[in-house]
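[1] need coordinates for the below:
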Amino acid sequence: MVRHEIRRIAALAITLCGVTSPTVAQQRGGSATAPRLMVGIFRSADKKLGPDAAEAVRDRIGGDVSLRSLHVIPKQDVINTLESSGYSTTDALSAADANALAKNTRADDYIEGVAVKTATGFQLEPYLILTRDQYLVQPLGRFEHTKLEGAAALVSKAFQEAQRALEPEKRCRQLSREGKTAEALKEVTTGLQQYPKSVWLRVCQMTVFFETKRPAPEIIKVAEEILAIDSLSRPALTELVRQYDVVGNKDRKIQVLLRLYQADPSNPRLMADVVNELAASGKYTEALPIVERAVSDNPGDVSLIRTYYLILARLGDTKKMAQVGEEMVKIDTSLATADFFDRQISAYMADSNYQRAAETAARATAKFPKDAAGWLRRGNLERRNGQMQLSIASLRRALEVDPNLKGPRLLILAAYVEMSQFDSAYTLMHEALPAGEDAAAIATTAVTIGNRLFAQANKAENKAVGDFQKVLPFVTFADSIAKDPATRGNAKFLIGVSSYFIGSIPYADAVKAKSCEGVKTANAAFVTAQMNLPAGGATNPAVTQQLMGALAQLLPNAEQAMKVFCKVETAGTKKPPAKP
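    Predicted coordinates:
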């Protein structure tokens with residue numbers, strides 16, 4: 001929308017440059033040096049009232065002020081210029097177009113305003129604007145009358161009063177440029193005596209104060225005086241923003257910025273300033289609608305889109321943030337930084353979109369292959385999505401980039417557990433511990449594997465000693481490295497209960513076969529069980545009590561069997577005495 005407006009202004013300027021105004025070509029009497037006034041079409045809901053109000057004001061001022069003192073640009077000159085440039089002759093122009101028209105008709109100042117048909121007559125609210133700067137606006141007041149001509153007469157009177165400030169303002173500005181600040185300020189004083197409500201003179205005074213480095217409170221006072229006359233004065237609001245920044249009053253600065261934005265809501269630079277200031281103060285909710293409008297009005301402006309993206313991040317709108325982020329890096333690929341990928345991945349994860357998070361992590365590692373943390377994050381997401389082999393490959397890549405990186409080995413270990421590759425897990429646990437990985441996490445994983453192996457062995461219809469023996473390496477290792485009492489307790493319980501089955505399953509057959517080695521093995525398993533089971537009493541009291549009761553009978557029997565069977569075997573294998 002803003003770019004379209006700029007193109008229209010440019011088109012108007014080009015057209016106007018090719019038009020020779022009849023007023024310029026033919027001076028209709030009066031002084032050639034007299035100030036020139038243009039009256040633009042008033043804004044009105046009534047298509048006829050806008051042009052009629054402008055003509056009524058134009059005629060009245062032209063009749064009230066002599067040609068020697070003022071040249072009012074005739075209606076036909078304005079209409080001819082508008083028609084030749086393709087503009088409506090019944091609709092008010094935008095502020096920028098009106099200013100372009102005034103410049104090309106060589107007006108020193110021009111009047112714009114609003115016209116309203118009331119129940120009792122007409123209401124006119126005109127503004128006098130200096131052509132050299134469309135933001136130097138002088139409100140003339142609000143006037144009502146039963147007749148349009150009567151309201152125009154009141155406007156004419158107010159205009160003549162305001163016009164008294166024109167020459168003092170020119171002199172103030174010229175003297176200020178020459179460095180004659182005292183004389184410039186004297187012109188302000190003299191001019192305000194003639195027209196106390198002058199915005200223009202106060203703007204000149206405010207400029208002189210700023211250039212001479214007057215204290216901020218003095219400048220603020222003048223700016224506030226201007227705003228008391230014109231609450232939307234762009235120069236005053238702009239200066240207040242600067243001065244409140246000087247004195248460190250952030251709250252007032254933001255309030256003024258918002259007023260400035262309301263005065264000029266289509267200015268993308270101003271929108272950015274307002275949004276950035278609000279964001280810097282943590283007022284993201286207030287900043288959001290402004291930046292949304294800015295992005296809508298200025299598609300493709302990547303700086304505004306980036307600001308929008310960061311505000312959405314602060315507000316926690318992860319779904320919208322992720323969408324805006326993807327569009328942002330399409331426009332400017334340089335914004336696809338490591339920080340961007342971090343934000344995007346976090347946004348997708350917060351939204352439980354782990355697949356998109358993993359895809360984004362893959363894009364990040366493709367762009368930043370030497371970022372070990374990026375490979376770690378990618379591997380973790382792939383594991384979470386069930387892509388175990390891909391996960392292990394990514395995590396191995398992280399360790400290639402940085403062998404000292406903490407975390408990848410534990411994640412690979414978790415992947416092995418999920419794939420039930422317990423032998424690989426056992427090997428990796430012994431590598432991870434000296435590499436500095438968390439011993440507590442390794443111990444917990446070892447107990448987890450032990451639990452799974454024990455559950456498999458215990459639920460088998462035909463229990464096998466070998467299945468229970470698979471449990472012991474993991475839980476014994478966990479017992480040796482765990483510091484947490486609960487983890488050690490679980491490990492010892494699994495050692496005890498597994499040992500009980502390792503001893504009890506072959507015990508009857510060993511006794512029947514009168515096997516010394518068989519009962520010795522069973523007895524050793526029973527002793528191990530008796531030593532470790534009590535540690536599981538806290539978490540598995542019923543099982544512990546039951547097995548300890550069984551062991552109380554089995555151990556004496558096993559020891560007696562050892563005495564009998566191992567004595568017999570010893571006697572049967574006794575060597576004969578040596579010959580003399």
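[2] run a quick neighbour tally on S281.
    14 (other C-beta atoms under 10 Å). Every residue, glycine included, has its C-beta placed from N, CA and C.
[3] hang on, L67 packs against A34?
    Yes - L67 is within contact range of A34, at 7.0 Å (criterion: C-beta atoms under 8 Å).
[4] give me the below-cutoff pLDDT ranges for the protein.
    1-31, 568-580 (pLDDT under 70).
[5] and it, what are its domain boundaries?
    Using automatic domain parsing, the domain parsing of the chain gives 2-163, 165-266, 450-570.
[6] so which of the ones you listed is nearest E326?
    domain 2-163 (23.6 Å; C-beta to C-beta).
[7] and Q138, what element?
    strand 137-139 (DSSP states H and E).
[8] helix or strand right after that strand?
    Strand 137-139 is succeeded, C-terminally, by strand 143-145 (DSSP H and E).
[9] so which elements touch that next one?
    strand 122-130, helix 148-163 (3 or more C-beta pairs under 8 Å, 6 or more residues apart in numbering; DSSP states H and E).
[10] ok, which of these comes nearest I505?
    Closest among the helices and strands packed on strand 143-145, once you apply C-beta to C-beta, is strand 122-130, at 101.6 Å.
[11] for that closest one, which strands pair with it and how are they oriented?
    Next to strand 122-130 in the sheet, as set by DSSP bridges, lie strand 109-117 (antiparallel), strand 137-139 (antiparallel), strand 143-145 (antiparallel).
[12] now P268: closest residue in space, sequence neighbours ignored.
    N298 (4.8 Å; C-beta to C-beta, 6 or more residues apart in numbering).
[13] what's around that neighbour, how many residues?
    19.
[14] now do V57
    Other residues close to V57 by other C-beta under 10 Å number 30.
[15] same check, this time on A115
    26.
[16] repeat for N104
    So N104, with other C-beta under 10 Å, has 21 neighbours.
[17] quick one: it and T81 touch, right?
    Yes - in this structure, N104 is within contact of T81 by C-beta under 8 Å, at 7.1 Å.
[18] distance from the chain centre to stretch 142-151, please.
    Here stretch 142-151 shows a centroid-to-chain-centroid distance of 52 Å under the convention C-alpha atoms, centre = their mean, to the nearest Å.
[19] what of stretch 527-546?
    Distance, centroid of stretch 527-546 to centroid of chain: 56 Å (C-alpha atoms, centre = their mean).
[20] the residue nearest to P268 and L257, how far apart?
    18 Å (C-beta to C-beta, to the nearest Å).
[21] same question, K197
    26 Å.
[22] ditto for S69
    41 Å.
[23] who has more neighbours, the two?
    For S69 versus L257, neighbours defined as other C-beta under 10 Å are more numerous around L257 (24 against 12).
[24] so what's R142 closest to, chain neighbours aside?
    According to C-beta to C-beta, 6+ apart, the nearest residue to R142 is E125 (4.7 Å).
[25] in a helix, A358, correct?
    Yes - membership of A358 in a helix is supported by DSSP: H, G, I helix; E, B strand; the rest coil.
[26] correct me if wrong: it contacts Q387.
    Yes - with contact defined as C-beta under 8 Å, A358 reaches Q387; the gap is 7.5 Å.
[27] look up how far A357 lies from the closest residue in space to S176 that isn't next to it in sequence.
    What sits nearest to S176 in space, not counting adjacent residues and going by C-beta to C-beta, 6+ apart, is A184, at 4.3 Å. To A357, A184 is 63 Å away according to C-beta to C-beta.
[28] need the contact list for L232.
    137, 259, 262-263 (C-beta atoms under 8 Å, 6 or more residues apart in numbering).
[29] show me which of the residues you listed are buried.
    Applying 16 or more other C-beta atoms under 10 Å to these, the neighbour count classes 137, 259, 263 as buried.
[30] so Y308 makes contact with E292?
    Yes - between Y308 and E292 there is a contact under C-beta under 8 Å: 6.8 Å.
[31] these two: which is more packed in?
    Neighbour count, other C-beta under 10 Å: between Y308 and E292, Y308 has more, with 26 against 16.
[32] which SSE is that one in?
    Applying DSSP H and E, one finds Y308 within helix 302-315.
[33] which positions in that helix come out as buried?
    So, applying 16+ other C-beta under 10 Å, buried residues of helix 302-315: 302, 304-313.
[34] so L37 is in which element?
    Using DSSP H and E, L37 falls in strand 36-39.
[35] and the next helix-or-strand element following that strand, what does it pack against?
    Tracing the chain past strand 36-39, the next element assigned as helix or strand by DSSP H and E is helix 49-64. Packing partners of helix 49-64 (3+ C-beta pairs under 8 Å, 6+ apart): strand 36-39, strand 71-72, helix 75-84, strand 109-117, strand 122-130, helix 148-163.
[36] partners of the shortest one in the sheet?
    Using DSSP bridges, strand 71-72 pairs in its sheet with strand 36-39 (parallel).
[37] how far is the partner strand from where the chain is centred?
    Worked out by C-alpha atoms, centre = their mean, strand 36-39 lies 48 Å from the chain centre.
[38] show me what counts as buried in that strand.
    36-39.
[39] and for stretch 119-134?
    122-131, 134.
[40] start to end distance for it?
    End-to-end distance for stretch 119-134, by C-alpha to C-alpha, to the nearest Å: 33 Å.
[41] quick one: distance of that stretch to the chain centre.
    For stretch 119-134 - counting by C-alpha atoms, centre = their mean - the centre lies 42 Å from the chain centre.
[42] how about residues contacting the helix holding Y308?
    268, 271-272, 275-276, 279, 284-285, 287-288, 291-292, 294-295, 298, 318, 320-321, 324-325, 327-328, 331-332, 335, 343, 347.
[43] kindly report the same for stretch 501-519.
    Contacts for stretch 501-519 (C-beta under 8 Å, 6+ apart): 457-458, 463-465, 468-469, 472, 521-526, 529, 550, 554, 558, 561-562, 564-566, 568-569.
[44] mind checking which of the residues you listed land in strands?
    In strands, judged by DSSP state E, none of the contacts of stretch 501-519 are found.
[45] please point out which parts of the helix or strand containing S499 sit buried.
    Take DSSP H and E as the rule and S499 turns out to sit in helix 485-512. Under the neighbour-count criterion of 16+ other C-beta under 10 Å, helix 485-512 has 487-507, 510-511 buried.
[46] likewise for stretch 280-290?
    283-284, 287-288, 290.
[47] among those, which are located in helices?
    Residues of those located in helices (DSSP state H): 284, 287-288, 290.
[48] count of neighbours near R106?
    R106, neighbours per other C-beta under 10 Å, totals 14.
[49] so how far is E167 from it?
    Distance from R106 to E167, by C-beta to C-beta: 18 Å.
[50] what does A54 give?
    Taking C-beta to C-beta, one finds A54 at 25 Å from E167.
[51] next one: M321
    56 Å.
[52] list the contacts of E286.
    258, 278.
[53] let's see 10 Å
    254, 258, 274-275, 278-279 (C-beta atoms under 10 Å, 6 or more residues apart in numbering).
[54] who wins for most neighbours among those?
    V275 leads these on contacts (other C-beta under 10 Å) with 28 neighbours.
[55] within the helices and strands, which one has that residue?
    Short version, using DSSP H and E: V275 is in helix 268-280.
[56] wait, V208 sits on T189?
    No - taking contacts as C-beta atoms under 10 Å, V208 lies outside contact range of T189: 11.7 Å.
[57] with that, I have no additional questions.
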